[in-house]
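1. model the following, please.
(chains A and B)
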Amino acid sequence: MMHLACIPNLVGGHLGGWRHRDAFDRPVMNLEAFIEMSQIAERGKFDCVFLADGNGVRDMDRPALFAANHPSARPSFFEPTTLLSAVSMVTRHIGLVATATSTYDEPWMVARRFASMDHISKGRAGWNLVTASNAGDALNFGRSEHMGREDRYARAQEFYEVVAALWDSWADDAFPQDKTSGQYLDPTRVRPIEHSGPHFTVKGPLNISRTPQGRPIVFMAGQSAPGVELAARYADALFGAGTTKQDCIDAYADLKGRMARYGRSPHALKILPGVSVFTGRTAAEAEDLYQELQSLISPALGVHYLSKMLVHDLETLPLDGPLPFADLAEETLGGSSLRRYIIDMARRDGLTLRETYQRTLPALGGPVFKGSPTQVADEMEDWWRSKAGDGFTIMAPVQPRGLSDFVDLVVPELQRRSIFRKEYETTTLRGHLGLPAPPSRWHAAPAKPEAGAA
Amino acid sequence: MVEMAQIAERGQFDMMFLADGNGVRQMDKPALFAANSPSDRPAVFEPVTLFAALAQHTTRLGLVATATTTYEEPFSIARKFASLDHLSSGRAGWNLVTTQYVEDAKNFGRDEHMGRVERYERAQESLDVVRALWDSWATDAFPQDKATGRYLDPDRVRLTNHRGTHFAVKGPLNVARTPQGQPVVFMAGQSDAGKELAAYGGEGLFGTASSKAQAQKEYADIKGRMPKYGRPPDALKILPALSVFVGRTRAEADALYEELQGLIAPSLAVSYLSKLVGFDLTDAPLDGPMPASPGESVGGTAIGRSVLEMAAREGLSVRGTYERLLPSMGGNMVKGDPVEVADMMEDWYTSKACDGFMLSMPVQPRSLRDFVDLVVPELQRRGLRPPAYRGATLRENMGLPLPADPFLP
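-> This is a model prediction of the structure:
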């Protein structure tokens, strides 16, 4: 079966999406709208909703881009574990995945928030572990320099290990809560973790009992070499960011191939590439939506946003001239594989500056599935059967229309083909994803990674 | 927890309050740990996530959660409480604490616990930074105008640019100005530094006075410190802890009290008393005198000190001390029929011993329900509590002023 996550951001995945007449009118801090999105996704039997996050207002150091007003800078956003705790009260099945960074948070705090959310949601919590890659966030945590990638991933690995150990603090049966005998807890069924490493020293145990899922589900999104290695070792699911089907097939084979050395089955990790879906009742309707949205991106926003994606100021260049390829050659700290992809695409296809942003911005450089419900389902099935992913993370350009169209038009087609569930069969995110029960030190010893594995 | 919140809301409580800590207590003292005191909080929800969930089941009840300035970053504190204030439509409160438990330090890579002076300096700076972050955006900073494409107004946000002794935070916060302007800030410190910080920036204070005279003294002391910060005494509400044993009759209240005393094993009682006073009493004879403190510990609390003073003053044994203390965890207690309970509360309130109370209840949910059904109507009859919620936000219900939007003239 295919797995589906969705990104329920209220402003849509398209930079002009929030301005569309069918978009939410007041997306800023709108809890009711998030609830509506989550309920639509649950109606569509999605495995989970997935909330990206950061710890800073982006682009304030680029006044022109900031003034050009793109909500994807996330200037105002709920703290995701509090938002999803609220959403868990008005949903019953859908998984709830929130982002937290290993770069500026403490392992104790992350272990606790997500364990708490797993109890509150009765087994539907997921943690998307990111190493914050936005340099500006550092300045909100007393650091003037952003950590380099190697440091961030070394810290992330140790961070994960501490969090997992904290989640294993208590045995499943540690709290008898027996009124008659007065035995509230069993002191032999808890242990400190006594972790001492280069980045963290944490004694434990966690002050939360073992959670309904054993451990919350761990998502990652890293596309760099250390990110992929960390995912192979520890992740339960991966938010993929391949830009083409072949990219995704290569990344899928690479990541799954790395898991054996950590004693893990390839099925123990689900890869869900992000895709933007433009659909309608007909292909023409989908195309109309696409074109309509293009017109809602002003050239100022287009150029400023592309400048940001390419980590290079393009403001003074002619809209209908080429990109400055010579100046774009050097690598940047915090830059992504997406940057390289956009530059290569523009050079290969001989695109102007305007054409480059028009091609890039509708999906922020990611893959686009556009067409009738059958066409979209064809493409999804093809990618899925080609092992480009175990499913998808669906981004829709205009919300809530994009998600509800997907649920009403594409999901039934996937169900008709028997490649997606018709009903939820379990009540936990771990169950939806078909993931094995997590190891626990209170049960048999988990498989040990090979010595020397990075 | 949902049931408790709904009972409290039915009783028109201003707020529900969650204490918190970042560690499992007493694991270094196996005998005490094994004696099974749930109040060591071995397994509790993280309070802000819990309240985000409870906000979906309530509409008026304030939600006050604890977060420590000792181990948390101001940016993270500002964000989660701003988020909760939006999620609850203006019912969030932050109980600012400085962590005094040495064991919690070990969960954050610190072997040594911070001393009190440093903790309070850090707390004050953290409070300043959190409030500056909450003031990042003007109320009208997000026009969200589809026609013009104007999502935000770049002139209606400002950087925090804080550089201090403990923190450097650039800002702005990535959360719009909240329904209350700023969530309500509570404190609980009883030390001199704690009182000073409350006078400086607290809007609610949880007291621990165990007698009316002591409560009056503290009330006058703290309110008297406020003018030098340019604050009217009304801008801070003092709510001493009060354990209530109530029944339809005095006999019913007495019966509950005695029944509960019978459920405390001496081993648990001694463990609890040990925790209160901050040192291990396991080896002390039950009917011998209360031992003196082995010395001033970094984590010693105001409650612990007042317990030891009381035991010494009255010549109590270990058993005598815990029998006196445990029913109310060392705090103030009232026992009786609804009129007697209301009399005591009215007396304190009209004698300027407090602005209200922080109720703790011996048996849940029974005791909270009894209070709501029996005592609240009596308080309302006397005009001491409003007949219904006065407003939609915690600020309105507490009678606290709305913080000014710094972008408005």
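2. okay, strands next: where are they in the stretch 51-200 of chain B?
-> Shown for the stretch 51-200 of chain B, the strands assigned by DSSP state E, counting those that start in this stretch span residues B:62-68, B:92-97, B:162-163, B:168-169, B:184-187.
3. nearest to chain A, out of the ones you listed?
-> Closest approach to chain A among these is made by strand B:168-169 (4.3 Å; C-beta to the nearest C-beta). All C-beta spots, glycine's among them, are computed from the backbone N, C-alpha and C.
4. could you dump the strands of the stretch 51-200 of chain B to CSV with mean pLDDT, mean neighbour count and distance to B:Tyr200?
-> Formatted as CSV, the strands of the stretch 51-200 of chain B follow (pLDDT from 0 to 100; neighbours: other C-beta atoms under 10 Å in any protein chain shown; distance: least, C-beta to C-beta, whole Å):
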stretch, mean pLDDT, mean neighbour count, distance to B:Tyr200
strand B:62-68, 96, 25, 18
strand B:92-97, 96, 27, 11
strand B:162-163, 94, 14, 17
strand B:168-169, 94, 22, 19
strand B:184-187, 97, 26, 10
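5. show me what the helix or strand bottoming out on mean pLDDT in chain A is packed against.
-> Per-element confidence for chain A was summarised using mean pLDDT, DSSP states H and E. The lowest value among helices and strands belongs to helix A:63-67, with a mean of 80. Helices and strands in packing contact with helix A:63-67 are listed as helix A:299-309; criterion 3 or more C-beta pairs under 8 Å, 6 or more residues apart in numbering or on different chains; DSSP states H and E.
6. packing partners for the following helix or strand past the helix it packs on?
-> Past helix A:299-309, further along toward the C-terminus, the next helix or strand under DSSP states H and E is helix A:337-349. Counting contacts by 3+ C-beta pairs under 8 Å, 6+ apart, helix A:337-349 is packed against helix A:299-309, helix A:353-360.
7. coming back round to it: quick one: buried residues of the least confident helix or strand of chain A?
-> Counting neighbours by 16 or more other C-beta atoms under 10 Å in any protein chain shown, one finds that the buried residues in helix A:63-67 are A:Leu65, A:Phe66, A:Ala67.
8. what residues does that helix touch?
-> Outside of helix A:63-67, the residues within contact range by C-beta atoms under 8 Å, 6 or more residues apart in numbering or on different chains are A:Asp59, A:Met60, A:Ala73, A:Ala300, A:Leu301, A:His304, A:Tyr305, A:Ser307, A:Lys308, A:Glu315, B:Pro154.
9. rerun that using 7 Å as the cut-off
-> Residues outside helix A:63-67 that contact it (C-beta atoms under 7 Å, 6 or more residues apart in numbering or on different chains) are A:Asp59, A:Met60, A:His304, A:Tyr305, A:Ser307, A:Lys308, A:Glu315, B:Pro154.
10. and for stretch A:188-205?
-> Contacts of stretch A:188-205 from elsewhere in the structure, counted by C-beta under 7 Å, 6+ apart, are A:107-108, A:155, A:158-159, A:162, A:165-166, A:169-171, A:173-174, B:24, B:27, B:106-107, B:109.
11. just stretch B:221-240 next, same as before
-> Residues lying outside stretch B:221-240 but in contact with it, judged by C-beta under 7 Å, 6+ apart, are B:195-196, B:198-200, B:202-209, B:215, B:219, B:332, B:354-358, B:398, B:400-401.
12. from the residues you listed, which would you call buried?
-> B:195-196, B:198-200, B:202-209, B:215, B:219, B:332, B:354-358, B:398, B:400.
13. can I get stretch B:282-297 in CSV, CA atoms only?
-> Included here for stretch B:282-297 are C-alpha records, laid out as CSV according to Å, rounded to 0.1, in the frame of the first residue of the first chain:
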residue,chain,number,x,y,z
THR,B,282,14.2,7.7,56.8
ASP,B,283,16.4,6.7,59.7
ALA,B,284,14.9,9.1,62.2
PRO,B,285,12.7,7.5,64.9
LEU,B,286,9.0,8.2,64.1
ASP,B,287,8.2,9.4,67.6
GLY,B,288,11.5,11.1,68.2
PRO,B,289,11.9,14.9,67.7
MET,B,290,12.2,16.3,64.2
PRO,B,291,16.0,16.5,63.4
ALA,B,292,17.4,19.8,62.4
SER,B,293,18.5,20.5,58.8
PRO,B,294,22.0,19.3,58.1
GLY,B,295,22.8,22.6,56.5
GLU,B,296,21.5,25.2,54.0
SER,B,297,21.2,23.4,50.7
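14. what residues sit buried inside it?
-> Under the neighbour-count criterion of 16+ other C-beta under 10 Å, stretch B:282-297 has B:Ala284, B:Met290, B:Pro291 buried.
15. stretch B:168-178 too?
-> Taking 16+ other C-beta under 10 Å as the basis for neighbour counts, the residues of stretch B:168-178 that come out buried are B:Ala168, B:Val169, B:Lys170, B:Gly171, B:Pro172, B:Leu173, B:Asn174, B:Val175, B:Ala176, B:Arg177, B:Thr178.
16. now those residues in CSV, with distance to chain A?
-> Rendered in CSV, the data for the buried residues of stretch B:168-178 read as follows (distance: C-beta to the nearest C-beta, whole Å):
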residue, distance to chain A
B:Ala168, 4
B:Val169, 5
B:Lys170, 4
B:Gly171, 7
B:Pro172, 5
B:Leu173, 8
B:Asn174, 5
B:Val175, 5
B:Ala176, 4
B:Arg177, 9
B:Thr178, 8
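17. nearest to B:Val363, out of the helices and strands packed on helix A:337-349?
-> Set against B:Val363 and scored by C-beta to C-beta, the helices and strands packed on helix A:337-349 come closest in helix A:299-309, at 58.5 Å.
18. list the helices and strands the closest one packs on?
-> Counting by 3 or more C-beta pairs under 7 Å, 6 or more residues apart in numbering or on different chains; DSSP states H and E, the packing neighbours recorded for helix A:299-309 are helix A:63-67, helix A:337-349, helix A:353-360.
19. quick one, phi psi at the residue in the stretch 351-454 of chain A positioned nearest to chain B?
-> Nearest residue of the stretch 351-454 of chain A to chain B (C-beta to the nearest C-beta) works out as A:Val398 at 11.1 Å. Reported as degrees, to the nearest 10, the phi and psi values for A:Val398 are phi -130, psi 130.
20. rank the helices and strands packed on helix A:337-349 by mean pLDDT and give me the bottom one.
-> In terms of mean pLDDT, the lowest-scoring of the helices and strands packed on helix A:337-349 is helix A:299-309 (a mean of 87).
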